[in-house]
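K.L.:
Structure here, sequence nowhere to be found:
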């Protein structure tokens, strides 16, 4: 299959942030083979897609999610974190089986595709189900079986074996669209020796580590109480950062910890929507940039967001740090867009193949309608994306050169079935 | 004209926050005459509108805007406030004439209607143009000619006369859809004696006052330097709060000032998007609620937001105060929705006729599609609106019982003409 995309504004998200005007892109099978003003003459195409008046750019990369939690969207809100977790989330999640994960994740992937997300990271249980949804839907994902080490030795080991088996079964599958990580859930839910074992597993399997880090002030204090050090040093001592590592949240990290993370080239998934909604706080993103980190963005699960709209996270990242620091130059528009695309690809260790539109990279891209009144006049398309656009402006979504959404019609998933089954899957476990 | 709306979820935004299920609403001319499960038998209707599966609620009220500034959306971003204002905004706004205000406001009203806003407050120049757009488009508005008292005595007085004349010409016009206020721009742009004169005008005309207050830390300090007191006390001494008053921003107000505002029943327009983007800070909204204030929401102009999406302001209000205060119970979902509807009506002194859906009130309402994947499952419609919905979920918009948007088609404005003319109007003043 060889496609020519024509007449588009193309924002490649490489260092050059001015969109190419009236430009073309050639996609052969899953790969971009040309981007520029004038496509090579004399070539023949299976399809010519006229994108006149649309803006093409890399799809969003959502670097932290628990996709099955869409079933719990709005199930409990506006509660103190411990009440929310212990009285609401954990009891019902404990009743989740493969069926809930299958349909919760289907709903999540449908929502993400409709919002322009082409790649996401997921940490949950029953991961085979998520992997199957990823394979069938055509989206790209970095998946990990999140393991909590609070149960018996037997339970813990069983979970670890599951996580290892998942990596063996799925890493590199779905035509390379699925990659895998190992995921000790968090320093406060995994004993030190358990984390060390998981690091060994990750080393043996040669996969990165994905872990929650310092989401709340309380867990940092608990780490100090339990282990005498703050979480970053704790994980450093356990050898976690010897592996390529992605940490989610990093809300309560001080300057010294930020330096440590930067020294180890740790990737950070900033989840502004979830951090705000749960009252966790506002991560020190400007300080991270100063130390050379390039934070990516994630939605976290839909129970704490309450949507999976990565563009909203881009917009929150572009807004809240300016307000919190009283500095209108914090996280400029172009930076926020990079956080949602190229830095996301880096955070999932996929920047060799996605995150920018360049010859040789995978054809993961979206088109955005820029004709709406909120997108007029067009002084600056980068600013319009970062501050004015909305998820429904996304018209087309391609992953590996395959169209998943065309003119807002989802081609690979049955929306009505997913709505129905997701509702039913929840009802089966409802209290 | 007598319309029956049927089969809807109806969220009246009265104290009862549980939506009525499978409910009906009768609208006779501009007024709601029935809301409930079973409409009176034997009545005849000119139109029956089946809203099956849609959520009906009052339209959003945008309590602070400079609508013509849509022409400057994305024209300059991510700059220090003074550079942005003095080098970018003021020079080009100085070249705005009636033509720019006409088409900038048309673009604004189009965007607001498409996003579900049924009433907005505007403060700008060439207000006759804005009023004409309001009259023609069918939206509701509270308008004021914002006056800056920095020029010569002659200029100042001319502006004040214009503002007074505008009130005389337009207050109560467009079938009552237009109301007017007097608007001394801000304590730092109007000398004390000028503000006093405007208060006298407002008293004579019997209209409220709309004024910017303590948007930035710097202007508070300047007020102290110039007048020896902080802005709230300054305005109190000038008699402003003897009139019904709406203050915009109120970012930098301390507890004593909040108490003063509450004692005078001053209305507050909270503009989270603009305050964040300009790096002004985060207004102490939870403290205001504690003192009995009921802050409403505004977008501010599109040059500092950069859209006019009041639902986004609702969502920001529901998120940022939780994050900033590390309190997940700050500004719950229902409160954020009230800020965007009923408190907005109160802030514009229109709560006798709009802001809730009740028998006897004006039929200003919107319908929201709740079938999208981001709106599943439906544990809690209030939570879904406040945390998950997006502007494009708004399907229908009625003001005074007249449909302005039906199934996302705008009935009263020519979208293509507005896009074209707005672009041209900017080009005429472009540097």
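P.N.:
Received it, and whenever you're ready, just let me know what you need. Since the model is a prediction, treat every value here as computed from it, not as a measurement. Numbers count the residues shown, from 1 in each chain, chains lettered A, B, ... in the order given.
K.L.:
What's the first helix or strand after the worst-scoring helix or strand of chain A on mean pLDDT?
P.N.:
Here the helix or strand of chain A ranked lowest by mean pLDDT, DSSP states H and E is helix A:81-83, holding a mean of 84. Later in the chain than helix A:81-83, the nearest helix or strand by DSSP states H and E is helix A:90-93.
K.L.:
I'd like the mean pLDDT over the following helix or strand past that next one, please.
P.N.:
On the C-terminal side of helix A:90-93, the closest following helix or strand by DSSP H and E is helix A:98-114. Across helix A:98-114, pLDDT averages out at 98.
K.L.:
Strand partners (parallel or antiparallel) of whichever helix or strand comes after helix A:98-114?
P.N.:
Once the chain leaves helix A:98-114, the next helix or strand it forms, by DSSP H and E, is strand A:117-124. Paired strands of strand A:117-124, with direction, are strand A:60-62 (parallel), strand A:140-147 (parallel) (DSSP bridges).
K.L.:
so where do the strands sit in the stretch 251-400 of chain A?
P.N.:
For the stretch 251-400 of chain A, applying DSSP state E, counting those that start in this stretch gives strands covering A:267-270, A:296-297, A:365-369, A:394-399.
K.L.:
among the ones you listed, which is the most enclosed?
P.N.:
Counting by mean count of other Cβ atoms under 10 Å in any protein chain shown, strand A:296-297 has the highest mean neighbour count of those, with a mean of 30. Yep, even glycine has a C-beta here, placed from its N, CA and C like the rest.
K.L.:
Give me the helices and strands touching that strand, please.
P.N.:
If you count contacts as 3 or more Cβ pairs under 8 Å, 6 or more residues apart in numbering or on different chains; DSSP states H and E, strand A:296-297 packs onto strand A:60-62, strand A:267-270, helix A:310-325, helix A:333-340, helix A:342-347.
K.L.:
Can you tell me which of those is packed in deepest?
P.N.:
A comparison of these by mean neighbour count, using mean count of other Cβ under 10 Å, puts strand A:60-62 on top with a mean of 32.
K.L.:
Distance from that strand to the middle of the chain?
P.N.:
On the basis of Cα atoms, centre = their mean, to the nearest Å, strand A:60-62 sits 5 Å off its chain's mean C-alpha point.
K.L.:
swap in stretch A:8-18?
P.N.:
21 Å.
K.L.:
Nearest to chain B: which residue in the stretch 101-250 of chain A?
P.N.:
Residue nearest to chain B within the stretch 101-250 of chain A: residue A:111 (4.0 Å; Cβ to the nearest Cβ).
K.L.:
got a list of what that residue touches?
P.N.:
Going by Cβ atoms under 8 Å, 6 or more residues apart in numbering or on different chains, residue A:111 touches A:70, A:302, A:307, A:308, A:309, B:372, B:373, B:374.
K.L.:
can you check residue A:90 too?
P.N.:
With contact set as Cβ under 8 Å, 6+ apart, residue A:90 has no partners.
K.L.:
The one 10 residues further on too?
P.N.:
By Cβ under 8 Å, 6+ apart, the contact set of residue A:100 is A:68, A:71, A:126, A:425, A:426, A:428, A:429.
K.L.:
show me what contacts the closest residue to the first one other than its chain neighbours?
P.N.:
Read that as residue A:68. Nearest non-adjacent residue to residue A:68, counting by Cβ to Cβ, 6 or more residues apart in numbering or on different chains: residue A:104, 3.3 Å away. Contacts for residue A:104 (Cβ under 8 Å, 6+ apart) come out as A:67, A:68, A:69, A:70, A:71, A:96, A:422, A:425.
K.L.:
What distance do you get for the second one to chain B?
P.N.:
Which is residue A:68. Separation of residue A:68 from chain B (Cβ to the nearest Cβ, to the nearest Å) stands at 12 Å.
K.L.:
Ok, the fifth one next?
P.N.:
When Cβ to the nearest Cβ is the yardstick, residue A:71 and chain B sit 6 Å from each other.
K.L.:
hang on, that residue in a helix?
P.N.:
Yes: counting by DSSP: H, G, I helix; E, B strand; the rest coil, residue A:71 is located in a helix.
K.L.:
do you know how far the residue nearest to it when sequence neighbours are not counted is from residue A:95?
P.N.:
Closest residue in space to residue A:71, ignoring its immediate chain neighbours: residue A:104 at 4.2 Å, by Cβ to Cβ, 6+ apart. Applying Cβ to Cβ, to the nearest Å, the value for residue A:104 to residue A:95 is 12 Å.
K.L.:
Now do the helix or strand where residue A:168 lies: which elements does it pack against?
P.N.:
Residue A:168 is part of helix A:153-170, with elements assigned from DSSP H and E. Applying 3+ Cβ pairs under 8 Å, 6+ apart, one finds that helix A:153-170 makes contact with helix A:127-137, strand A:140-147, strand A:178-180, helix A:192-205.
K.L.:
mind running it again at 10 Å?
P.N.:
When contacts are defined as 3 or more Cβ pairs under 10 Å, 6 or more residues apart in numbering or on different chains; DSSP states H and E, helix A:153-170 packs onto helix A:127-137, strand A:140-147, strand A:178-180, strand A:183-184, helix A:192-205.
K.L.:
most neighbours per residue, which of those?
P.N.:
The highest average neighbour count among the helices and strands packed on helix A:153-170, using mean count of other Cβ under 10 Å, belongs to strand A:183-184 at a mean of 30.
K.L.:
same question for that one, mean pLDDT?
P.N.:
Strand A:183-184 shows a mean pLDDT of 98.
K.L.:
again with stretch A:264-275
P.N.:
For stretch A:264-275, the mean pLDDT works out to 98.
K.L.:
near chain B, anything from that stretch?
P.N.:
Yes: applying Cβ under 10 Å from any Cβ of the partner chain, one finds that stretch A:264-275 is in contact with chain B at A:272, A:273, A:274, A:275.
K.L.:
Out of these, name the ones that lie in helices.
P.N.:
Here DSSP state H is the test, and these give A:272, A:273, A:274, A:275 as lying in helices.
K.L.:
Out of these, grab the one that's most surrounded.
P.N.:
For those, the largest number of neighbours (other Cβ atoms under 10 Å in any protein chain shown) sits with residue A:272, at 30 neighbours.
K.L.:
sorry, back to before: got the buried residues for the least confident helix or strand of chain A?
P.N.:
Judged by neighbour count (16 or more other Cβ atoms under 10 Å in any protein chain shown), helix A:81-83 contains these buried residues: residue A:81.
K.L.:
and if you look at stretch A:272-292?
P.N.:
Buried residues in stretch A:272-292, defined by neighbour count with 16+ other Cβ under 10 Å: A:272-289.
K.L.:
end-to-end on it?
P.N.:
End-to-end distance for stretch A:272-292: 20 Å, by Cα to Cα, to the nearest Å.
K.L.:
and what of stretch A:321-329?
P.N.:
9 Å.
K.L.:
next one: it to chain centre, how far?
P.N.:
For stretch A:321-329, the distance to the chain centre is 24 Å (Cα atoms, centre = their mean).
K.L.:
and stretch A:230-244, is it in reach of chain B?
P.N.:
No: judged by Cβ under 10 Å from any Cβ, stretch A:230-244 stays clear of chain B, getting no closer than 17.5 Å.
K.L.:
Ok, stretch A:222-229 next?
P.N.:
No: on the criterion Cβ under 10 Å from any Cβ, stretch A:222-229 is out of touch with chain B, staying 15.9 Å away.
K.L.:
For that stretch, report the contacting residues that lie outside it.
P.N.:
Taking contacts as Cβ atoms under 10 Å, 6 or more residues apart in numbering or on different chains, the residues outside stretch A:222-229 that touch it are A:186-188, A:191-192, A:213-214, A:216, A:230-238.
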